[in-house]
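>>> what's the 3D shape of this:
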Amino acid sequence: MSKIYYKSQEEIELIRISSLLVSETLAEVARIIAPGVTTKQLNDLAETFIQDHGAIPAFLNYNGFPYSLCISPNEQVVHGFPGDYVIQEGDLISVDCGVIKNNFYGDSAYTFSIGEIDAEKQKLVEVTQECLKLAIEKAVVGSRIGDIGLAVQAHAETNGFGVVRELVGHGVGVKLHEKPEVPNYGKRGSGMKLEEGMVIAIEPMINAGTAGVKFWSDGWTVTSKDNRPSAHFEHTVAVKKGNADVLSTFSLIEEVLKEKR
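Numbers count the residues shown, from 1 in each chain. Sure thing, here's the model as predicted:
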């Protein structure tokens, strides 16, 4: 899809339903994520939950991707394969999920802190979430794509972290990946102007060390070049006048995590 697909309010409401199902799925993951659990167990739980709610896992078989979740521990940035990896105390586990419901897509990601994490990881998680919040504030009519990217880049780099450049956010809704691309770096006032009806996935991918990444031979997994931790948070967002309309939510996840403490 080379052109922008502008969504009607009715279509945005359908994307909201899909996005909230993603959020509910990630909240189910939050219920069981803990030391001793394998990443494959998380994937299987999510796949069943999505299907039980009348939806399709958007990632499963997408361009050959063989799982319903992307699960990326520690130095893995994105697109990690669920498998036999046993989650450990002190891990960062980034979980990216997408669904198709009523022919519309939702997409969101959350980085889970497992038990007590070290100070570097704690700061990384906090700053990456702040980057997402600052970027969403720029997802309004009249801003430009570069304003979103700059919001992420400036905050991450001010805190001494690396901003991944090889991977970007994207339009979403009718397809999983649509135009425009939404980089996590940019210049103020540059790039496409944001307009009502755009729905975009904003997803800061921030490394504790260098911005550089490595692509694995499996064709999917991406890790930080220096093997230091990475964090990833993502929301599906409708561009509006005044304030962006965030269609996914982290509140369901955070309620579960609070209950578990």
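
>>> Report pLDDT for residue 94.
In this model, residue 94 is scored at 98, pLDDT.

>>> For the chain, give me the ranges with low pLDDT.
Within the chain, the segments meeting pLDDT under 70 span 1-2.

>>> now the helices for it?
Secondary structure of the chain, counting by DSSP state H: helices at 9-32, 39-52, 119-137, 145-158, 251-260.

>>> And the nearest residue to residue 102 once chain neighbours are set aside, how far from residue 84?
In space, residue 102 comes closest to residue 14 once its chain neighbours are excluded; the distance is 5.1 Å by Cβ to Cβ, 6 or more residues apart in numbering. All C-beta atoms are positioned from the backbone trio N, CA, C, and that covers glycine. Applying Cβ to Cβ, to the nearest Å, the value for residue 14 to residue 84 is 37 Å.

>>> More neighbours: which of these two?
residue 14 (18 against 7; other Cβ atoms under 10 Å).

>>> what's the nearest residue to residue 64 if we skip its chain neighbours?
Spatial nearest neighbour of residue 64, excluding adjacent residues (Cβ to Cβ, 6+ apart): residue 219 at 7.7 Å.

>>> can you list the helices of the chain in JSON lines and add distance to residue 225?
Shown next, in JSON lines, are the helices of the chain (distance: least, Cβ to Cβ, whole Å):
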{"stretch": "helix 9-32", "distance to residue 225": "28"}
{"stretch": "helix 39-52", "distance to residue 225": "22"}
{"stretch": "helix 119-137", "distance to residue 225": "16"}
{"stretch": "helix 145-158", "distance to residue 225": "16"}
{"stretch": "helix 251-260", "distance to residue 225": "29"}
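
>>> quick one on the thing from earlier: ok now do the residue nearest to residue 102, which residues does it touch?
Contact analysis of residue 14 by Cβ atoms under 8 Å, 6 or more residues apart in numbering lists 101, 102, 103, 104.

>>> In stretch 226-238, which residues are buried?
Neighbour-count burial for stretch 226-238 flags 228, 229, 230, 231, 232, 233, 234, 235, 236, 237, 238 (criterion: 16 or more other Cβ atoms under 10 Å).

>>> just stretch 65-75 next, same as before
When neighbours are counted by 16+ other Cβ under 10 Å, the buried residues of stretch 65-75 are found to be 65, 67, 68, 69, 70, 71, 72, 73, 74, 75.
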